[in-house]
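J.: let's see this in three dimensions:
(6 chains)
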4 protein chains.
Amino acid sequence: MTEKQEKILSAAKILFSERGYSSTSTSAIAKAAGVSEGLIFRHYGNKEGLLLEIIREGEEVVKAMLFPIIMESDPKKVIKRTIELPFEVREEDYDFWRLQFKLKWELKNYSHEKMKPLEISLTSAFKQLGYRSPELEAEYLIIYIEALGEAILKNLLHDKQNMKLFLLQKYNV
Amino acid sequence: MTEKQEKILSAAKILFSERGYSSTSTSAIAKAAGVSEGLIFRHYGNKEGLLLEIIREGEEVVKAMLFPIIMESDPKKVIKRTIELPFEVREEDYDFWRLQFKLKWELKNYSHEKMKPLEISLTSAFKQLGYRSPELEAEYLIIYIEALGEAILKNLLHDKQNMKLFLLQKYNV
Amino acid sequence: MTEKQEKILSAAKILFSERGYSSTSTSAIAKAAGVSEGLIFRHYGNKEGLLLEIIREGEEVVKAMLFPIIMESDPKKVIKRTIELPFEVREEDYDFWRLQFKLKWELKNYSHEKMKPLEISLTSAFKQLGYRSPELEAEYLIIYIEALGEAILKNLLHDKQNMKLFLLQKYNV
Amino acid sequence: MTEKQEKILSAAKILFSERGYSSTSTSAIAKAAGVSEGLIFRHYGNKEGLLLEIIREGEEVVKAMLFPIIMESDPKKVIKRTIELPFEVREEDYDFWRLQFKLKWELKNYSHEKMKPLEISLTSAFKQLGYRSPELEAEYLIIYIEALGEAILKNLLHDKQNMKLFLLQKYNV
DNA sequence: GATGAATGAGTTTTCATTCAT
DNA sequence: TATGAATGAAAACTCATTCAT
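T.: Have a look, this model is predicted:
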């Protein structure tokens, strides 16, 4: 990947996340990236190709984030680290994550498969801890974690730290 | 509101919810509504005016949904009915709700104030039931309910009925 | 057909015939027609739609030209009028015809069916006049007439009048 | 001429003949030739330079084809071999010839001078054979031969062999 | 109230050409 | 000689909006 290619990518991430995919023009991306508009098309074929590349990257980041949790054997730790996930997002990555959430709504067929491995790990963890409905607990927690992430990104949460402790207590982890 | 005006509105709701606001052209709306393109502008001034009208309607529907819960005095019932909210959405209204969720991401300042009254009611309910952190519990539940709605609209929930019972049990309501 | 629509069409005819279809930009057409570029697309969908409309018109003109010949019962007159065809083209229509010839080469599937009725008439005429291979004579003459048209449009013919007489003599009509 | 140069040339010939000169992009040529886009410009200066080279080659091929006819002293043989010309084109050379015909229409001043020597030979042949208007006969035959070539390249001729015999008979050669 | 022709600015995309390596 | 990244201008096409009827 050339330097300009990266500039395009990062400009696109910022703009897509700020304005949404279809409200962002390729000319705006080119300007922000400091490259000619044509270059976007040379490297990514078309506007959608650029988006796809960003999505692909996003999927890899998610995978990398989930990996250590999935590898974890201690069930309590699996739950604990899952809860901690949304609180660990750094402010400098907010743009990136906002984009991922936005795309979930903007794209027709945005894959929701990324979380499957985590769901399996959580189900197993809840089972080991003797929960009555481990599958539902896992599904429940994942939905919640995603919603929490959304709330954090939008600054809707009154007190992040407190909410985190509250949740860890709730699950006794 | 004339018949054509309604047709415009309902076509716009469907298209906005399917493709998003900025990916939907006024000409597509006019075609879907079976009216001339000019008419949209006669009635709603511009594309954004049409959107605002839809948002206004949405807010009213939300208010109407929350009203009976807020009026409820029995704290257990407040929680119960809050949990039941996302499960009561009729399939024929999915388009409408999908649009509301989409707009949350597409619009810069889509109001999140709509849920404030419910938050107050829930806080009070949790307090009455002796919960240790009623504010956090209320915030938590609202975030969860919204996430659940999202999951239901996207057909991500494996077993709606079971999840509902699971939640009611969890809150002992 | 509105006035502007006609202006677009006639500007397109001139420019396509002068520069060829793919070397003519829609913006050049719009400028020449004195309309906005967008109007071309509103009326004809896309550049090719505009071309198709021109082709359709061309086919009608050809049909109209051939009609009186096909209706002719006197075999000698059928041949005579066929030969005269290319010599009757008015200079003001050269643009139009040049375009038709150009398109034969520029379009993948330009229909050559237009001449079929004339071929049938000619075959019958040659048969009535006792020619030995009427089908070949008809095919031969049509190819020749088209080539002659081409030569005339390109001003390659040294002496049109003389050539016409020469041909009429050759066929004894 | 290097190997890559030849590849460019032959790719260009094919593409120009299939799509026309202005509808063929240099990038398409480069891709088809398996070379970098820059190389075209290194070797031929610009797109037109490439075209000119192709035209030059075409003119040489035409010259070479006409040479033996022009050298022919027997008038009957001059006519005979002229008639046979379009029937001798090998199918593998169709692309090449299609391109020559296409260019006649696409280029403003595509030279029609190539046939001049043949016209002189034919005029002289017809004169020797006592034809009344040898100049017209020569002009007539050349126009016809070109049209025949066109028809053959487009597969419009019902029966090539028969047409050839028919023509040879017509001219009694 | 309703139509649909028309616009102009903007969008995505293409393309011939240059240039550093 | 050869590559391929990069450009800038122009191409095709879209779209919100206006306006005469």
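J.: for the lowest-mean-pLDDT helix or strand in chain A, name the packing helices and strands.
T.: Lowest on mean pLDDT, DSSP states H and E among the helices and strands of chain A sits helix A:94-106, with a mean of 86. If contacts are counted by 3 or more C-beta pairs under 8 Å, 6 or more residues apart in numbering or on different chains; DSSP states H and E, helix A:94-106 sits against helix A:3-19, helix A:47-71, helix A:134-153, helix B:94-106. For glycine as for every other residue, the C-beta is placed from the backbone atoms N, C-alpha and C.
J.: I'd like these as a markdown table, with mean neighbour count and distance to C:M115 appended.
T.: A markdown table is the format used below for these (neighbours: other C-beta atoms under 10 Å in any protein chain shown; distance: least, C-beta to C-beta, whole Å):
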| stretch | mean neighbour count | distance to C:M115 |
| --- | --- | --- |
| helix A:3-19 | 18 | 54 |
| helix A:47-71 | 15 | 46 |
| helix A:134-153 | 21 | 68 |
| helix B:94-106 | 19 | 55 |
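J.: which element is A:E119 on?
T.: According to DSSP states H and E, A:E119 maps onto helix A:116-128.
J.: how many residues are close by the residue of chain A found nearest chain D?
T.: Closest contact between chain A and chain D, by C-beta to the nearest C-beta, is at A:R42 (9.7 Å). Using other C-beta atoms under 10 Å in any protein chain shown, A:R42 is surrounded by 12 other residues.
J.: mind checking how far it is from A:T26?
T.: For A:R42, the distance to A:T26 equals 12 Å [C-beta to C-beta, to the nearest Å].
J.: if we can go back for a sec, to D:S124, which of the helices and strands packed on helix A:94-106 lies closest?
T.: helix A:47-71 (64.7 Å; C-beta to C-beta).
J.: name the nearest residue to A:A33, sequence neighbours excluded.
T.: A:A11 (3.8 Å; C-beta to C-beta, 6 or more residues apart in numbering or on different chains).
J.: surely that neighbour is in contact with A:I29?
T.: Yes. Counting by C-beta atoms under 8 Å, A:I29 is a contact partner of A:A11 at 5.2 Å.
J.: what does the least confident helix or strand of chain A rub up against?
T.: For helix A:94-106, contacts defined as C-beta atoms under 8 Å, 6 or more residues apart in numbering or on different chains pick out A:13-14, A:16-18, A:20-22, A:51, A:54-55, A:58, A:61-62, A:89, A:110, A:112, A:149-150, A:153, B:20, B:101-102, B:105-106.
J.: and if you look at stretch A:138-156?
T.: With contacts defined as C-beta under 8 Å, 6+ apart, stretch A:138-156 is touched by A:79, A:82-83, A:85-87, A:89, A:94, A:97-98, A:101, A:115, A:118-120, A:122-123, A:125-126, A:157, A:160, A:163, B:112, B:143-144, B:146-148, B:150-151, B:156-158, B:163, B:166-167.
J.: among those, which are in reach of DNA strand F?
T.: Among the contacts of stretch A:138-156, no residue is within reach of DNA strand F (C-beta under 7 Å from any atom of the strand).
J.: any idea how chain A splits into domains?
T.: A:1-45, A:56-170 (automatic domain parsing).
J.: lowest average confidence across the ones you listed, which one?
T.: Mean pLDDT values for the domains of chain A show the minimum at domain A:56-170, a mean of 91.
J.: any idea which of the domains of chain A gets closest to C:K47?
T.: That would be domain A:1-45 among the domains of chain A, by C-beta to C-beta, at 20.0 Å.
J.: so which bits of stretch A:113-128 are buried?
T.: A:K114, A:M115, A:L118, A:S121, A:L122, A:T123, A:A125, A:F126, A:K127 (16 or more other C-beta atoms under 10 Å in any protein chain shown).
J.: now tabulate these in JSON lines and tack on distance to DNA strand E.
T.: Shown next, in JSON lines, are the buried residues of stretch A:113-128 (distance: C-beta to the nearest atom of the strand, whole Å):
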{"residue": "A:K114", "distance to DNA strand E": "26"}
{"residue": "A:M115", "distance to DNA strand E": "30"}
{"residue": "A:L118", "distance to DNA strand E": "34"}
{"residue": "A:S121", "distance to DNA strand E": "39"}
{"residue": "A:L122", "distance to DNA strand E": "39"}
{"residue": "A:T123", "distance to DNA strand E": "42"}
{"residue": "A:A125", "distance to DNA strand E": "44"}
{"residue": "A:F126", "distance to DNA strand E": "45"}
{"residue": "A:K127", "distance to DNA strand E": "48"}
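J.: dump the residues you listed to a markdown table, plus distance to B:V173.
T.: As requested, those are exported to a markdown table (distance: C-beta to C-beta, whole Å):
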| residue | distance to B:V173 |
| --- | --- |
| A:K114 | 33 |
| A:M115 | 28 |
| A:L118 | 29 |
| A:S121 | 30 |
| A:L122 | 24 |
| A:T123 | 25 |
| A:A125 | 26 |
| A:F126 | 22 |
| A:K127 | 26 |
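J.: ok, residues contacting the helix or strand containing the residue of chain A closest to chain D?
T.: Using DSSP H and E, A:R42 sits in helix A:37-44. Residues outside helix A:37-44 that contact it (C-beta under 8 Å, 6+ apart): A:K4, A:Q5, A:I8, A:T26, A:S27, A:I29, A:A30, A:K47, A:L50, A:L52, A:E53.
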